[in-house]
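Peer 1: sequence plus predicted model, see below.
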Amino acid sequence: MDLLLLEKALVGMFVTIVVAISISKIKGKRFNLPPGPIPIPIFGNWLQVGDDLNHHNLRELAKRFGDILLLRMGQRNLVVVSSPELAKEVLHTQGVEFGSRTRNVVFDIFTDKGQDMVFTVYGEHWRKMRRIMTVPFFTNKVVQQNRLGWEEEAAIVVEDLRNNLEASTTGVVLRKRLQLLMYNNMYRMMFDKRFDNMEDPLFNKLKLINAERSRLSQSFDYNYGDFIPILRPFLTRYLNNCKDVKERRLRLFKDHFVDERRRLIGTMSKKKLVGGVKCAIDHIVEAQENGEITEDNVLFIVENINVAAIETTLWSMEWAIAELVNHPNIQSKVRDELDSVLKDGVQITEPDIRNLPYLQAVIKETLRLRMAIPLLVPHMNLQDAKLGGYDIPAESKILVNAWWLANNPDHWNKPQEFRPERFLEEEENVEPSGNDFRYLPFGAGRRSCPGIILALPILAITLGRLLQNFELMPPPGQSKIDTTEKPGQFSLQIFNHSTIVAKPRSL
Ligand code: HEM
């Protein structure tokens, strides 16, 4: 009897396996997948295409396989989109279907499986986080409340450079000072806190731990364990290191900023609190006290601002300065515009920006040629989906090669040239807000960058003040500064932080 049962069980198992294999084969055949290199078992295309899937390498693959292509990276599907029409489909027409984010083993740790806003899937949590972050961060009222702070920070940079003889002779690495400016812009906004100088120990702690987080998350070293799950045990040490950095980083945000602000608020009278201007974290903590989000969510909002706001804006500033140093004629043109619109050395403020079209064009052109996040933040479809006539299996990582869309000679006139005039001439109606799917420096649609409302005025105020007060030049003996790109797949950064001479103008 027992033997009969065993026999039946074995036959049952056999039949189940055969049926499962047949179904999966039929299902596999049913998929009309996008073109791409032929994958090999286990590794997929990984050994063929390598680790470095940056915007240039993906452009080359698009030239071979077309505007939509599929790569199998071990167990993971990666779809690359390289035409404005398909970008529109992903970001706008099917914005809900493709509105989620993928995470890998490392981002799972750094975001606690999507407890933040940037890396969470499209759904209730994302909607709540976006709503809670909008009032303190992403409105015109916020810009008006904070612009005096941004103008002041830019004025202090100007003063520091004027007082530094080295800046006007051999030159300084301007980026270092602008990094302090960006931390101050955002930490004033978040916590009403600023760092006095580049030696400030807390500023240095933050800088270091943020850099460590970026290094660990952007490295290729963990790809093998992410792509091929059976190899994951070999990543244990790496992942433990990530956990340690994550813990220390969140603790730093909590102990030195969030809790300190809570204590300060606790000591303020109700009247003072209502009458005074709240800083961003006050709104976020309020949402926590109302039970809308957890304390961890509060810390992840601080984490997202540290990564999404400070770094991207700083890279764009650095690229704009590099291009202006290497194109002195364009630099003079911006300065002439500033002088003629503002007159008598009046310093640029936020309301002036709308009267400075050439300065705006320089910023747009920088964001086109040197797009800070060239592949956007990866999108993902939770369910099986269709794109460009192909089937896209559920949970594929979708990369929109936004850099190539904005630098493809089929769509742009001499795209390799830094020519701001294009945005006043043939491309005058193209805006960074995503009204043209050839130009998406901030993405478009539901998951587009909400920080655009802050980034553009911060860039204009800072660059405007620098150009009003200084002539920016390469160091003595050099005719240009190096604009080599830093290798890396998530961002487009300048490789060398160049020394720049800031020669004061007599006002
Ligand atoms: C020049 C500066 C900046 C650039 C180029 C930039 C670019 C981008 C891009 C390309 C995305 C992804 C869009 C997509 O996946 O479709 C993004 C997302 C995001 N950015 Fe920015 N950004 C900048 C500044 C900022 C600032 C200043 C903040 C905040 C204060 C910010 C907050 C965010 C957030 C929260 C997201 C995630 C949105 C979501 O997933 O729903 N960014 N940004």
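Peer 2: Everything's here; your move.
Peer 1: list of residues touching stretch 79-90?
Peer 2: Stretch 79-90 is contacted by residues 34, 58-59, 61-62, 66-71, 98, 379, 387-388, 392, 396-402, 404-405, 408, 411, 436-438, 440, 444 when judged by CB atoms under 8 Å, 6 or more residues apart in numbering. Any C-beta I mention is one placed from the backbone N, CA and C, and that applies to glycine too.
Peer 1: check the stretch 151-300 of the chain for the residue nearest the ligand and tell me.
Peer 2: Closest residue of the stretch 151-300 of the chain to the ligand, CB to the nearest ligand atom: Met186 (6.9 Å).
Peer 1: please read the previous query as pertaining to the stretch 51-200 of the chain.
Peer 2: Val118 (4.1 Å).
Peer 1: for the stretch 351-500 of the chain, same thing?
Peer 2: Gly451 (2.0 Å).
Peer 1: that residue: neighbouring residues, count only.
Peer 2: By the criterion of other CB atoms under 10 Å, Gly451 has 20 neighbours.
Peer 1: which residue packs closest to it, ignoring adjacent ones?
Peer 2: Using CB to CB, 6 or more residues apart in numbering and skipping the chain neighbours, the partner closest in space to Gly451 is Ala309 (5.4 Å).
Peer 1: can I assume the one you found is in contact with Leu454?
Peer 2: Yes - the pair Ala309 and Leu454 passes the contact test of CB atoms under 8 Å, sitting 7.1 Å apart.
Peer 1: and the one helix or strand Leu338 maps to, what's buried?
Peer 2: For Leu338, the host element (DSSP states H and E) is helix 328-342. Within helix 328-342, the residues scored as buried using 16 or more other CB atoms under 10 Å are 330-331, 333-335, 337-339, 342.
Peer 1: include pLDDT and distance to Ile293 when you put the residues you listed into JSON lines, please.
Peer 2: Converted to JSON lines, the buried residues of helix 328-342 look like this (pLDDT from 0 to 100; distance: CB to CB, whole Å):
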{"residue": "Ile330", "pLDDT": "98", "distance to Ile293": "45"}
{"residue": "Gln331", "pLDDT": "98", "distance to Ile293": "45"}
{"residue": "Lys333", "pLDDT": "98", "distance to Ile293": "47"}
{"residue": "Val334", "pLDDT": "98", "distance to Ile293": "42"}
{"residue": "Arg335", "pLDDT": "97", "distance to Ile293": "46"}
{"residue": "Glu337", "pLDDT": "98", "distance to Ile293": "44"}
{"residue": "Leu338", "pLDDT": "97", "distance to Ile293": "43"}
{"residue": "Asp339", "pLDDT": "96", "distance to Ile293": "48"}
{"residue": "Leu342", "pLDDT": "96", "distance to Ile293": "43"}
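Peer 1: which of the residues you listed sit farthest apart?
Peer 2: Greatest spatial distance in the buried residues of helix 328-342: Ile330 and Leu342, 18.5 Å, computed using CB to CB.
Peer 1: hang on, the earlier thing: which ones among the contacts of stretch 79-90 map onto helices?
Peer 2: For the contacts of stretch 79-90, the ones inside helices are 58-59, 61-62, 402, 404-405, with DSSP state H as the criterion.
Peer 1: residues in this protein within reach of the ligand, list them.
Peer 2: For the chain, the residues in contact with the ligand (CB under 6 Å from any ligand atom) are 91, 117-118, 137, 304-305, 308-309, 312-313, 316, 372-373, 376-377, 441-443, 447-451, 454-455.
Peer 1: secondary structure element holding the closest residue to Arg370 other than its chain neighbours?
Peer 2: Of all residues not flanking Arg370 in the chain, Trp319 sits nearest, at 3.8 Å (CB to CB, 6+ apart). Element membership of Trp319, judged by DSSP H and E, is helix 312-326.
Peer 1: check Ala502 too.
Peer 2: Counting by DSSP H and E, Ala502 is found in strand 499-504.
Peer 1: relative to helix 312-326, how tilted is that strand?
Peer 2: Using axes from the mean of the first three to the mean of the last three CA atoms, to 10 degrees, the inter-axis angle of strand 499-504 relative to helix 312-326 is 70 degrees.
Peer 1: helices or strands up against strand 499-504?
Peer 2: Applying 3 or more CB pairs under 8 Å, 6 or more residues apart in numbering; DSSP states H and E, we find strand 499-504 packed against helix 140-162, helix 165-168, strand 172-173, strand 470-473.
Peer 1: pick the most deeply packed of the ones you listed.
Peer 2: Looking across the helices and strands packed on strand 499-504 with neighbours counted as mean count of other CB atoms under 10 Å, the highest average goes to strand 470-473: a mean of 20.
Peer 1: one step back: got JSON lines for the helices and strands packed on strand 499-504, with mean pLDDT and distance to Arg251 too?
Peer 2: Below are the helices and strands packed on strand 499-504 laid out as JSON lines (pLDDT from 0 to 100; distance: least, CB to CB, whole Å):
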{"stretch": "helix 140-162", "mean pLDDT": "97", "distance to Arg251": "27"}
{"stretch": "helix 165-168", "mean pLDDT": "96", "distance to Arg251": "37"}
{"stretch": "strand 172-173", "mean pLDDT": "98", "distance to Arg251": "30"}
{"stretch": "strand 470-473", "mean pLDDT": "98", "distance to Arg251": "39"}
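Peer 1: could I get the ones you listed as CSV with distance to Val79?
Peer 2: Formatted as CSV, the helices and strands packed on strand 499-504 follow (distance: least, CB to CB, whole Å):
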stretch, distance to Val79
helix 140-162, 36
helix 165-168, 47
strand 172-173, 39
strand 470-473, 41
